[in-house]
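**Student:** Any chance you could fold what I've pasted below:
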Amino acid sequence: MIKIIGALLVLFAGTMIGFYQAGQFAARPRQIRQLAHGLQRLETEISYGFTPLPEALVRSAGASAEPIAGLLHRAAGQLGERPDDPFRESWELAVTEHWPYTAMRDNERNILIRLGSVLGISDREDQIKHLRLALLQLKSEEDAAREDQAKYEKMSKSLGLLSAALIVILMM
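**Tutor:** Okay, here's the model as predicted:
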């Protein structure tokens, strides 16, 4: 009886691990799209609203979903806490602190860090150019993430279940 309960628990755990990994593959393109939307909102605030960067970040965060909203709020908060530090440092710190809460990978993080190194130090037109470049790069990453999702989402679910089944067979 205990072996059966143990086997069921192992099967359940393996299946949940597979579903979690599949969920990560599904969440990545969605979060990249949300990030692109947040950056488009930031571009709009900078170009048409002539909004200062901290306020533009807060407004963009308000129009974004989590975890992107948290990232933008954190960047704005860092600017408020450390007004003498350059924006680049506040942005990098916010990205680094908030990155574990996302399903995105290092490519997207590098795009954001490069973007943060030019925001706030140049004129409005230059910032808009850099935001548009980041949006183009994120679009290509989103396409790659969709391909990964199509390839690996179903496989992750199956692999989790089959790995757990193998462990159960070896235990018996």
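
**Student:** How much space separates Gly49 from Arg59?
**Tutor:** 8 Å (Cβ to Cβ, to the nearest Å). Bear in mind the C-beta positions are built from the backbone N, C-alpha and C, glycine included.

**Student:** Over to Ser47?
**Tutor:** Ser47 is 13 Å from Arg59, where distance means Cβ to Cβ.

**Student:** Glu43: neighbour count?
**Tutor:** Using other Cβ atoms under 10 Å, Glu43 is surrounded by 20 other residues.

**Student:** I'd say it and Ala134 touch.
**Tutor:** No: contact criterion Cβ atoms under 8 Å: Glu43 and Ala134 do not qualify, at 9.4 Å.

**Student:** So Gly49 and Arg59 - more neighbours on which side?
**Tutor:** Arg59 (18 against 11).

**Student:** Secondary structure element for the closest residue to that one other than its chain neighbours, which one?
**Tutor:** In this structure, Arg59 finds its nearest non-sequential neighbour in Glu45, 5.5 Å apart by Cβ to Cβ, 6 or more residues apart in numbering. Using DSSP states H and E, the element containing Glu45 is helix 2-47.

**Student:** could you point out which element follows that helix?
**Tutor:** helix 53-62.

**Student:** in that next one, what's buried?
**Tutor:** 53-54, 56-61 (16 or more other Cβ atoms under 10 Å).

**Student:** So for whatever helix or strand comes next after that helix, mean pLDDT?
**Tutor:** Using DSSP H and E, the helix or strand that follows helix 53-62 in sequence is helix 68-81. Averaged across helix 68-81, pLDDT comes to 86.

**Student:** same deal with stretch 115-132?
**Tutor:** In the prediction, stretch 115-132 has an average pLDDT of 86.
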